[in-house]
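**Student:** Got a sequence here, can you build the structure:
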Amino acid sequence: LSVNDDRNFLFRQYVRFVEVFRPKFFVIENVPNIISTANGYFKNEIIAAFSLLGYDVKADVFDVSEFGVPQQRRRAVFIGQLQRNTVAFPKPSGKRVTVNDAISDMKPLASGEGVDFSPYQSSPVNEYQRMMRKGMSGGVQNHQATAHSNIAIIRMKMIPKGMGKEVLPPEHRTKSIYSGTWCRLIEDDIAATITTRVDTPSS
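**Tutor:** Model (predicted):
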C-alpha cells in the first residue's frame, strides 16, 4: 500500500455508502498492510472517517487457517457499529484443516477432466467434509479441472510436493511475480493463499 496511490483511498466510497444507508453494523475486509502501512495511516483514516458518522470501529488481522479454513489467508477486518461497538472478535478455534481433510472425498481429476456434477468418491471422514456436504445432493457441482497446456504439465511434473518455481530449470522459469508460482500442495498441510488465478499454475 502507498499513500501516493489513489486506489488505496477507495474506502472513502465505502464511507459514502455507509453514510447514506446507515446500517447498524458494517464490515470491511482488506490486505493486512492496511493496518500497518505508514505507521497506521490508512487504519487511522478509516476509523476517523466512520467516527464522524457515529460509528465505533474495531480492527484486527486474522489468518483464516486458525479458524478451520484449509488455506493460509491473512486479512485485515474492520467492524463498525453505530454508537458503541459491542462486537467481540473471535478467538482462533484451534481446528486445523489440511488439504487432505478438505478434498480427499472428491474424485481426483487430470487436466481438463470433470463434469458439472460429480458424486463424492467416499463417505465423509471428518467434520469438515460433513459440514461441506450440508445441503448438497451427494456430490460436487462444477468439479472440473483446468485444461493445462502440455508445457504447463511438463513443468508441474518437475516440481516435488511443497516446492515451487525455485526448482525449475532456468529455461522453464516464467517471469511471474507471485510467490506461489508453480507451487504444489502438501496434503497434510494447509493450502497457500488461494488467489483469483487459482486455475493458472504460473500464478
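**Student:** Where do the strands of this structure begin and end?
**Tutor:** 25-30, 55-63, 74-82, 114-119, 139-144 (DSSP state E).
**Student:** which neighbours does the fourth one have in its sheet, and in what orientation?
**Tutor:** Its sheet considered, strand 114-119 pairs with strand 139-144 (antiparallel) by DSSP bridges.
**Student:** Please work out which residues outside the partner strand touch it.
**Tutor:** With contacts defined as C-beta atoms under 8 Å, 6 or more residues apart in numbering, strand 139-144 is touched by 106, 107, 109, 113, 114, 115, 116, 117, 118, 119, 120. All C-beta atoms are positioned from the backbone trio N, CA, C, and that covers glycine.
**Student:** out of those, what pair is the most spread apart?
**Tutor:** 113 and 120 (16.1 Å; C-beta to C-beta).
**Student:** Show me what the top helix by length along the chain is packed against.
**Tutor:** Secondary structure of the chain per DSSP state H: the longest helix is helix 33-51. For helix 33-51, the elements it packs on are helix 11-21, strand 55-63, strand 74-82, judged by 3 or more C-beta pairs under 8 Å, 6 or more residues apart in numbering; DSSP states H and E.
**Student:** Including mean pLDDT, distance to residue 91 and mean neighbour count, could those go into TSV?
**Tutor:** Compiled in TSV, those are given as follows (pLDDT from 0 to 100; distance: least, C-beta to C-beta, whole Å; neighbours: other C-beta atoms under 10 Å):
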stretch	mean pLDDT	distance to residue 91	mean neighbour count
helix 11-21	96	27	13
strand 55-63	97	10	17
strand 74-82	97	14	18
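**Student:** Using TSV, lay out these together with distance to residue 184.
**Tutor:** What follows is those, written out as TSV (distance: least, C-beta to C-beta, whole Å):
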stretch	distance to residue 184
helix 11-21	36
strand 55-63	21
strand 74-82	21
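**Student:** Give me the buried subset of the contacts of strand 139-144.
**Tutor:** 106, 107, 114, 118, 120 (16 or more other C-beta atoms under 10 Å).
**Student:** how about these in JSON lines, adding pLDDT and distance to residue 147?
**Tutor:** Listed next are the buried ones among the contacts of strand 139-144 as JSON lines, based on pLDDT from 0 to 100; distance: C-beta to C-beta, whole Å:
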{"residue": "106", "pLDDT": "92", "distance to residue 147": "18"}
{"residue": "107", "pLDDT": "91", "distance to residue 147": "17"}
{"residue": "114", "pLDDT": "94", "distance to residue 147": "10"}
{"residue": "118", "pLDDT": "91", "distance to residue 147": "16"}
{"residue": "120", "pLDDT": "92", "distance to residue 147": "23"}
